[in-house]
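[1] attaching a predicted model along with its sequence, questions to come.
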Amino acid sequence: MAESETIASDSETELEKEEKLRSEINDQYLAELSKCSQNVNAVTDFNGKTEYWRICETDNGKRIIQIDSHEETVLYEEVYYEQNGELIYAEESIKYMPINHYTLQPWTCQFYAENGKLVSLMSLGHGKTEDDEWNPEIIFEMHKNRIAELNKIENE
């Protein structure tokens with residue numbers, strides 16, 4: 001087999017692994033989300049705007065944190081899915097949505113992590129991923145900050 005064929009074969013294997021991981025995490029996330037009828041709800045203003053939190057913890061060490069806010073003409077949505085305290089999936093959405101109007105310009109990015117490392121991301125629409133300076137690893141810092149805010153909610 002030629003070297004280029006070997007590289008292509010290895011790349012396909014990595015792509016297949018990535019797709020399998022995304023599929024497994026999506027299935028787990030949706031299954032856990034469907035069980036979240038008893039969410040803990042909170043409202044915060046830590047970031048200079050009103051944010052609405054829904055936190056779902058399951059008996060099997062999994063937790064889903066959903067945070068929504070609307071500021072001027074933009075709807076912001078964040079989702080963090082953890083297993084035993086480790087981030088395995090996150091989603092960030094920014095949607096241009098004026099009051100009394102449907103969504104006009106959505107941007108969504110899904111992040112997939114394994115063992116504390118970003119292994120894949122999927123982005124749709126126009127937004128942060130189009131900026132060459134954007135670093136997708138920032139999702140781990142966002143998650144860390146949200147956990148610190150969650151701890152403030154629990155301690156107040």
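    It's in. Numbering: from 1, shown residues only.
[2] can you give me the neighbour number for the residue lying closest to I67 once chain neighbours are set aside?
    Closest residue to I67 apart from its sequence neighbours, by C-beta to C-beta, 6 or more residues apart in numbering: E78 at 4.5 Å. In short, each C-beta sits where N, CA and C put it, glycine included. Neighbour count for E78, taken as other C-beta atoms under 10 Å: 20.
[3] next up, the contacts around E78.
    Taking C-beta atoms under 8 Å, 6 or more residues apart in numbering, we find E78 in contact with I65, Q66, I67, D68, A90, E91, E92, S93, M142, R146.
[4] bridged to it, which residues?
    With DSSP bridges applied, E78 shows beta-bridge pairing to I67, E92.
[5] make JSON lines from the contacts of E78 and add distance to T103 to it.
    Below are those laid out as JSON lines (distance: C-beta to C-beta, whole Å):
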{"residue": "I65", "distance to T103": "23"}
{"residue": "Q66", "distance to T103": "18"}
{"residue": "I67", "distance to T103": "18"}
{"residue": "D68", "distance to T103": "13"}
{"residue": "A90", "distance to T103": "20"}
{"residue": "E91", "distance to T103": "15"}
{"residue": "E92", "distance to T103": "15"}
{"residue": "S93", "distance to T103": "10"}
{"residue": "M142", "distance to T103": "22"}
{"residue": "R146", "distance to T103": "24"}
